[in-house]
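Chemist: Build the 3D model from these lines:
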Amino acid sequence: MKTLLKKSFPFHAGPKAEGYLLSASNLWNTPLSLWGLSQVTIPEDAEILEIGCGGGKNLERLLKKAPKGHVYGIDSSFRAVDFAYRQNEKAIRAGRCSVYEGAPDVLPFNEKKFDFVLAAESFYFWKDPEACLKEVLRVMKPGASLLILQSKGGLPLHRMYEKLIPGMKVYGREDLKELLEDAGFRDVTIRSRLGALAVVSEKPVTPLDTARRKLHLSSIPYGKLTAAALSAAALGLAAYGASRKYRS
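Modeler: Numbering: from 1, shown residues only. Below is the predicted model:
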């Protein structure tokens, strides 16, 4: 956002200029975001992260998608964070939304936290995309989905943008698929519409994840789990001893 602002308003990259850009982005990203979000199913109680939340309009949409969940947004621009805060102040005060300044290479969240992650028109600016994707994978729950929304890439207009805006890279379909799979994502699905891409991928579910889910043990700390197992074993031995004594 900072880089885009400097290129759009080279003579005055102040609060008013960035506020204008953030308001405009809420409008021009709407068709892509509405179409992209229609391609996924989000649980109503989902923990959701948007990377590059910009003006905060998608946070508002995600809050409606998950009325019983919590939506987090991060952006590298503190002005974007402030703008997104004001856009979603009611939900933030209600404890349903949180907005932070940050970047995808070091996410301030615990492992296996999120059910769904969105990157809408922000993947272009990830400095080390494979490292960032591995960091995103870290904070996703097994089976969680990542949705990347962006332009198709490969057009002369995109090459012009890449020359004008330092650090910007518009990836094509095959590049995106390769980056995601190299980072550890699976089941990569790419849909296109009117020059845009919706790229959906998932964090793999391991056999251990499946076992933990079936046993409902995913949220039980290891120490408590061990203590419970030992207690159950002790009770079993006591019952066995009592039954032997009774029979004798």
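
Chemist: Buried residues, the host helix or strand of Arg213. List them.
Modeler: Following DSSP states H and E, one finds Arg213 within helix 207-214. Going by neighbour count (16 or more other Cβ atoms under 10 Å), the buried part of helix 207-214 is Asp209, Arg212. In short, each C-beta sits where N, CA and C put it, glycine included.

Chemist: Put the alpha carbons of it into PDB.
Modeler: Provided in PDB are the C-alpha atoms of helix 207-214 (Å, rounded to 0.1, in the frame of the first residue of the first chain):
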ATOM      1  CA  PRO A 207      -3.300 -38.900   9.700                       C
ATOM      2  CA  LEU A 208      -2.500 -37.500  13.200                       C
ATOM      3  CA  ASP A 209      -4.800 -34.500  12.600                       C
ATOM      4  CA  THR A 210      -7.600 -36.800  11.600                       C
ATOM      5  CA  ALA A 211      -7.100 -39.000  14.700                       C
ATOM      6  CA  ARG A 212      -7.000 -36.000  17.000                       C
ATOM      7  CA  ARG A 213     -10.200 -34.600  15.400                       C
ATOM      8  CA  LYS A 214     -12.000 -37.900  15.800                       C
END
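
Chemist: ok, now which ones touch Leu59?
Modeler: Shown in contact with Leu59 (Cβ atoms under 8 Å, 6 or more residues apart in numbering): Glu50, Cys53, Val71, Gly73, Ala84, Gln87, Asn88, Ala91, Cys97, Val99.

Chemist: now the helices for the chain?
Modeler: Assigned helices in the chain, in chain order: 2-8, 15-28, 30-37, 57-65, 78-87, 89-93, 129-139, 156-164, 173-183, 207-214, 222-247 (criterion: DSSP state H).

Chemist: where in the protein is pLDDT low?
Modeler: Along the chain, segments meeting pLDDT under 70 span 1-20, 154-157, 216-248.
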